[in-house]
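Novice: Next comes the sequence, and after it the predicted model I'd like to discuss.
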Amino acid sequence: MNATSHARSPFLAHNPFLGAWRLLEFYVSAEGRSERNYPFGRDAQGLILYGDTQMSVQMMQQGRPKYSGKDTHRGSMEEMAASAAGYMAYTGSYAFDASSSIITHYVETSLNPEWVGTPLERFVILQGDTMELRTVQPLDVNGEKVYASLVWARV
């Protein structure tokens with residue numbers, strides 16, 4: 001399925017994703033291990049929005065330092081790098097495959113240029129007003145294979 005073929009999907013009439021969801025928890029766990037690591041801290045903040053065919057997500061680490069200069073849009077290279085390291089954002093279209101419980105985000109814009117033009121697949125667990133998204137394939141982070149999990153509450 002490509003980024004536009006789902007636009008008239010019958011699933012949209014009963015789309016359980018529509019609306020805004022606030023981040024409750026973002027963690028990664030190594031393949032085969034139960035301990036959790038919180039890349040943006042246990043108090044990370046975020047919001048994911050789903051429309052009929054488009055989605056957007058923004059997440060951040062608390063306590064990112066403000067820029068030291070007077071320019072509100074630009075800090076030193078070090079300040080901007082530190083700020084970006086504690087932030088994740090992307091937008092695009094999406095599709096849901098109910099048979100596999102996988103939602104795919106087709107990234108059109110992103111803070112991370114590596115994601116632009118790529119599909120990001122996530123397993124979905126919906127329980128009432130709580131949704132968990134988990135990476136389908138492990139991610140390579142610092143030479144270790146990890147799965148990322150994001151838990152959201154409907155706003």
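Specialist: All right, it came through fine.
Novice: Can you tell me the SS state at the spatially most central residue of the chain?
Specialist: By Cα atoms, centre = their mean, the chain has its centre lying nearest to residue 57, at 5.6 Å. When classified by DSSP: H, G, I helix; E, B strand; the rest coil, residue 57 comes out as strand.
Novice: That one - nearest residue in space that isn't next to it in sequence?
Specialist: residue 48 (4.2 Å; Cβ to Cβ, 6 or more residues apart in numbering). In this view, the C-beta of every residue, glycine as well, is placed from N, C-alpha and C.
Novice: which ones are touching the residue nearest to the centre of the chain?
Specialist: For residue 57, the contacting residues are 46, 47, 48, 49, 88, 89, 90, 91, 105, by Cβ atoms under 8 Å, 6 or more residues apart in numbering.
Novice: circling back: element containing the residue nearest to residue 57, please.
Specialist: Assigned by DSSP states H and E, residue 48 belongs to strand 45-50.
Novice: Compute the mean per-residue pLDDT across that strand, please.
Specialist: Mean pLDDT, computed over strand 45-50, is 98.
Novice: go on, stretch 145-155?
Specialist: Here the average pLDDT along stretch 145-155 is 96.
Novice: list the buried ones in that stretch?
Specialist: Judged by neighbour count using 16 or more other Cβ atoms under 10 Å, the buried positions of stretch 145-155 are 146, 147, 148, 149, 150, 151, 152.
Novice: Please apply the same query to stretch 63-77.
Specialist: Buried residues in stretch 63-77 (16+ other Cβ under 10 Å): residue 75.
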